[in-house]
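Asks: Got a predicted model here, sequence first, then my questions.
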Amino acid sequence: MQNQPQQIARSILTGFERHFSFFQEISSAARQRFEHADWQAVREASAKRINFYDLRVKEAIERLKSSFDIEVLDEGLWQDVKQIYSKLLRTHSRPELAETFYNSVFCRLFDRRYYDNDKIFIESQVDRQGLSERYQVYMSFHLDEGDLQGCIWDMLSAFYFSLPYENIDRDCKLLADSLIEQAGFDRLPKDLRFDILESPFYRNKAAYLIGRMVYGDKICPFIIPLINNEEGGLFVDALLIRGRHVEALFSFARAYFMAKTPVPTATVAFLKSIMPDKTLSELYMSIGLHKQAKNEFYRDLLNHLDDSTDKFVLAAGTPGLVMQVFTLPSFPYVFKVIRDQFPPQKEVTHKLIKERYLQVKKHDRIGRMADTLDFAEVALPLDRIEPNLLQELHNTIANQLEIDDDKLVIKHLYIERRMRPLNLYLEESNDEMAREILGDWGLALKQLMGVNIFPGDLLFKNFGVNDQRKVVFYDYDEICYLSECNFRRIPPPRSSLDLFRDEPWYSVNPNDIFPEEFITFISTDPKIRKMLMELHPDLFDISSWQNAQEGLAAGRQADVFPYPQKLRFSRKLQSAEVSDQLLAVAVV
């Protein structure tokens with residue numbers, strides 16, 4: 001068929017356009033969900049959007065097979081298809097995403113040995129700088145005779161929310177005062193300009209105006225969180241202009257934003273200007289384009305392997321019973337593979353573990369659960385695998401390994417940010433550091449309780465400490481919803497003999513959990529136990545867990561703010577009950 005390459009290329013591009021249309025539709029509807037305070041719909045949409053990509057790729061493949069009878073690879077045909085597809089993307093506003101979609105279709109159709117740049121986009125052909133310059137995705141606001149409050153009023157008024165502000169003049173003054181205080185301005189720079197992305201970013205119960213301050217040769221973040229008071233009004237909750245606060249807002253341990261991104265390259269370039277240390281992968285991930293994030297990450301990995309010489313080694317920390325974990329010391333990530341076999345105490349399957357990792361990806365991670373990138377058929381240079389690691393991989397995940405010439409191919413693995421395991425962090429800490437991190441560990445558990453998550457295994461080895469010295473949970477094989485747990489008190493022994501039995505004197509069902517036992521198995525160190533009992537005695541009291549369950553049953557989910565409590569502007573909270581809950585889980 002003479003026009004077959006062009007027809008195949010157009011069919012794949014049509015599949016991509018269908019995918020992105022659905023993606024933009026659910027992302028754009030975030031504004032309405034925010035304005036209507038439909039928080040249940042927010043959670044549902046966030047989870048639903050995760051599945052869109054794979055569904056559209058599957059549809060595209062089925063269409064190709066039915067229309068073109070594709071069974072085996074015709075290399076010449078697909079080289080032509082890629083060339084034609086590349087030409088179709090020259091005037092496209094989302095070419096990098098379309099390239100990734102093409103890769104996904106091809107890679108699911110054909111064997112890994114055909115993954116080369118003649119047939120797929122291992123190297124992107126996108127002129128990202130040109131796209132960013134051609135499409136301006138932000139509005140600019142300039143000071144008029146030094147009137148900062150007036151300039152801020154223009155910003156807040158530019159988005160035409162259907163809700164009025166509680167008190168826009170008050171919010172403008174709060175923002176102006178906070179900006180001067182945080183930036184340390186004695187006087188405002190005469191050339192000060194504010195650039196604000198045209199679409200707010202939505203997550204959980206907040207809308208974020210994402211911007212930057214530009215003056216002289218300086219570019220600084222300028223981010224305004226807006227809250228719906230659920231009584232028909234908006235208020236400004238804080239101002240974020242410092243790098244560490246913005247980095248935390250876009251943390252890998254938080255849920256993805258919903259936002260209209262008609263030209264993702266331009267949006268990501270804007271974000272990169274205020275977060276230069278973030279990778280393209282992290283920025284695409286933050287706006288929900290997780291397949292593009294995977295593509296960018298894999299390119300980063302290949303480039304890093306070309307530019308480095310160190311070898312993959314076993315990751316630091318206590319070896320897991322479910323996951324085999326290794327790392328490349330010069331690369332800030334860990335690689336996790338599900339072990340072939342599990343010990344008897346781990347009542348899990350490969351399928352169940354994968355479901356739990358997907359459950360976490362779809363859930364509100366509130367800055368306390370690490371996000372992961374999952375990959376299939378990953379080829380690593382065999383000479384970069386340290387011999388002891390290679391032997392350990394053969395011992396633990398042999399069913400998922402294949403040697404292909406000079407490559408070690410792993411059938412499926414998860415990749416996540418490397419953190420210092422909490423148990424090792426505590427071993428290396430003085431008393432002050434240990435108390436600080438144990439306080440945050442307890443706070444992390446309470447925040448997870450507030451969004452209906454029970455980690456299952458509370459041992460310190462299952463938690464990590466990130467670069468901001470925050471505790472993040474990363475071992476998901478025993479995770480479950482808090483609402484599914486049955487918290488119980490240990491019944492008193494029937495006689496003194498019960499205390500010496502190997503088995504408990506009381507029945508234990510699969511979902512039974514005994515909080516009073518936590519302190520005995522979390523740590524054997526008397527000093528650590530004492531600190532925990534001083535910092536978080538409520539975690540070892542059944543009533544705290546049951547109260548959290550009752551709150552969830554009543555429809556209350558905690559609000560965990562991705563910025564310090566001290567940055568929040570003073571305001572009257574709606575009720576003392578809600579205030580107590582929010583303060584208990586707010587980031588400190």
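Replies: Nice, I can see it.
Asks: which regions of the chain lie under the pLDDT threshold?
Replies: Under the criterion pLDDT under 70, the flagged ranges of the chain are 1-2, 570-588.
Asks: Regarding it, what is its longest helix?
Replies: Among the elements of the chain assigned as helix by DSSP state H, the one spanning the most residues is helix 39-68.
Asks: any idea which helix or strand comes after it?
Replies: Scanning the chain past helix 39-68 towards its C-terminal end, the next helix or strand to appear is helix 75-88 (assignment: DSSP states H and E).
Asks: how does the chain divide into domains?
Replies: Domain ranges of the chain: 4-126, 138-285, 308-418, 422-557, per automatic domain parsing.
Asks: Now name the helix or strand holding T267.
Replies: With DSSP H and E as criterion, T267 is part of helix 264-274.
Asks: Could I get the CA-only coordinates of that helix as CSV?
Replies: Listed in CSV are the C-alpha atoms of helix 264-274, where the atom choice follows Å, rounded to 0.1, in the frame of the first residue of the first chain:
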residue,chain,number,x,y,z
PRO,A,264,3.5,21.8,27.9
THR,A,265,7.0,22.6,26.8
ALA,A,266,6.4,26.3,27.4
THR,A,267,4.8,25.6,30.8
VAL,A,268,7.7,23.4,31.9
ALA,A,269,10.2,26.0,30.7
PHE,A,270,8.5,28.6,32.9
LEU,A,271,8.6,26.2,35.9
LYS,A,272,12.2,25.5,35.1
SER,A,273,13.0,29.2,35.3
ILE,A,274,11.9,29.3,39.0
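Asks: what does the helix or strand following that helix rub up against?
Replies: Towards the C-terminus, the helix or strand next in line after helix 264-274, according to DSSP H and E, is helix 280-286. The set of residues that contact helix 280-286 without belonging to it, under C-beta atoms under 8 Å, 6 or more residues apart in numbering, is 250, 252, 256-257, 264, 268, 271-272, 275, 290, 292-294, 296-297, 300, 371, 373. Glycine gets a C-beta too; all of them are placed from N, C-alpha and C.
Asks: Name only those of these that count as buried.
Replies: Under a neighbour-count criterion of 16 or more other C-beta atoms under 10 Å, the subset of those counted as buried comprises 250, 252, 256-257, 264, 268, 271-272, 275, 290, 292-294, 296-297, 371, 373.
Asks: List the ones among those that fall in helices.
Replies: Restricting those to those inside helices, with DSSP H as the criterion, leaves P264, V268, L271, K272, H290, Q292, A293, K294, E296, F297.
Asks: Closest one of those to P492?
Replies: P492 lies nearest to H290 out of these, by C-beta to C-beta, at 50.6 Å.
Asks: wait, what's in contact with F20?
Replies: For F20, counting by C-beta under 8 Å, 6+ apart, the contacting residues are R94, L97.
Asks: how near is it to I287?
Replies: As defined by C-beta to C-beta, to the nearest Å, F20 lies at a distance of 13 Å from I287.
Asks: likewise Y53?
Replies: Here Y53 is placed at a distance of 14 Å from I287 (C-beta to C-beta).
Asks: cool, and R299?
Replies: If you go by C-beta to C-beta, the gap between R299 and I287 works out to 18 Å.
Asks: Between the two, which has more neighbouring residues?
Replies: For R299 versus I287, the count of surrounding residues by other C-beta atoms under 10 Å is larger for I287: 23 against 16.
Asks: I'd guessed that one sits against Y256; true?
Replies: Yes - counting by C-beta atoms under 8 Å, Y256 is a contact partner of I287 at 6.6 Å.
Asks: Burial check on the nearest residue to I50 once chain neighbours are set aside, number of neighbours?
Replies: What sits nearest to I50 in space, not counting adjacent residues and going by C-beta to C-beta, 6 or more residues apart in numbering, is K362, at 5.3 Å. When neighbours are counted by other C-beta under 10 Å, K362 registers 16.
Asks: Please tell me I have it right and K362 contacts S46.
Replies: Yes - the criterion here is C-beta under 8 Å, and K362 meets it with S46 at 7.0 Å.
Asks: got the CA positions of stretch 487-502 in CSV?
Replies: The C-alpha trace of stretch 487-502 is given here as CSV (Å, rounded to 0.1, in the frame of the first residue of the first chain):
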residue,chain,number,x,y,z
PHE,A,487,-7.8,-1.3,66.0
ARG,A,488,-8.0,-3.4,69.2
ARG,A,489,-6.7,-3.4,72.7
ILE,A,490,-4.8,-6.5,73.8
PRO,A,491,-7.0,-8.4,76.2
PRO,A,492,-5.6,-9.0,79.7
PRO,A,493,-3.8,-12.4,80.2
ARG,A,494,-6.0,-15.2,81.6
SER,A,495,-3.1,-16.3,83.8
SER,A,496,0.6,-15.7,84.3
LEU,A,497,1.3,-18.6,82.0
ASP,A,498,-0.2,-16.6,79.1
LEU,A,499,2.7,-14.2,79.2
PHE,A,500,5.2,-17.0,78.4
ARG,A,501,3.4,-18.6,75.5
ASP,A,502,4.9,-18.5,72.0
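Asks: Buried residues in it, which are they?
Replies: By 16+ other C-beta under 10 Å, the buried positions in stretch 487-502 come out as F487, R488.
Asks: separation between A398 and R43?
Replies: For A398, the distance to R43 (C-beta to C-beta) stands at 40 Å.
Asks: Name the residue in those two with the higher neighbour count.
Replies: When A398 and R43 are compared for neighbours, R43 comes out ahead with 19 against 9, by other C-beta under 10 Å.
Asks: wait, doesn't that one sit right on D364?
Replies: Yes - checked against C-beta under 8 Å, the pair R43 and D364 is within contact range at 6.7 Å.
Asks: mind listing what's buried in the helix or strand hosting L179?
Replies: Using DSSP H and E, L179 sits in helix 168-183. Residues I168, D171, C172, L174, L175, A176, S178, L179, A183 are the ones in helix 168-183 that count as buried (16+ other C-beta under 10 Å).
Asks: do the same with stretch 521-529
Replies: I522, S523, I528.
Asks: all helices of the stretch 201-350 of the chain, in order?
Replies: In the stretch 201-350 of the chain, the segments counted as helices under DSSP state H, counting those that start in this stretch are 243-249, 264-274, 280-286, 290-307, 350-362.
Asks: any chance of those in CSV, plus distance to L459?
Replies: Formatted as CSV, the entries for the helices of the stretch 201-350 of the chain read as follows, by distance: least, C-beta to C-beta, whole Å:
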stretch, distance to L459
helix 243-249, 26
helix 264-274, 36
helix 280-286, 28
helix 290-307, 29
helix 350-362, 17
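Asks: any idea which of those helices is most buried?
Replies: Mean neighbour counts were taken over those using mean count of other C-beta atoms under 10 Å, and the top value, a mean of 24, falls to helix 280-286.
Asks: How far does that one sit from its chain's centre?
Replies: In terms of C-alpha atoms, centre = their mean, to the nearest Å, the centre of helix 280-286 is set 9 Å apart from its chain centre.
Asks: Can I get it in CSV? Just the C-alpha atoms.
Replies: Output for helix 280-286, consisting of C-alpha atoms alone and laid out as CSV, is shown next (Å, rounded to 0.1, in the frame of the first residue of the first chain):
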residue,chain,number,x,y,z
LEU,A,280,12.4,18.0,33.2
SER,A,281,11.2,14.6,34.4
GLU,A,282,10.2,16.0,37.7
LEU,A,283,8.4,19.0,36.2
TYR,A,284,6.4,17.0,33.7
MET,A,285,5.5,14.6,36.5
SER,A,286,4.3,17.5,38.7
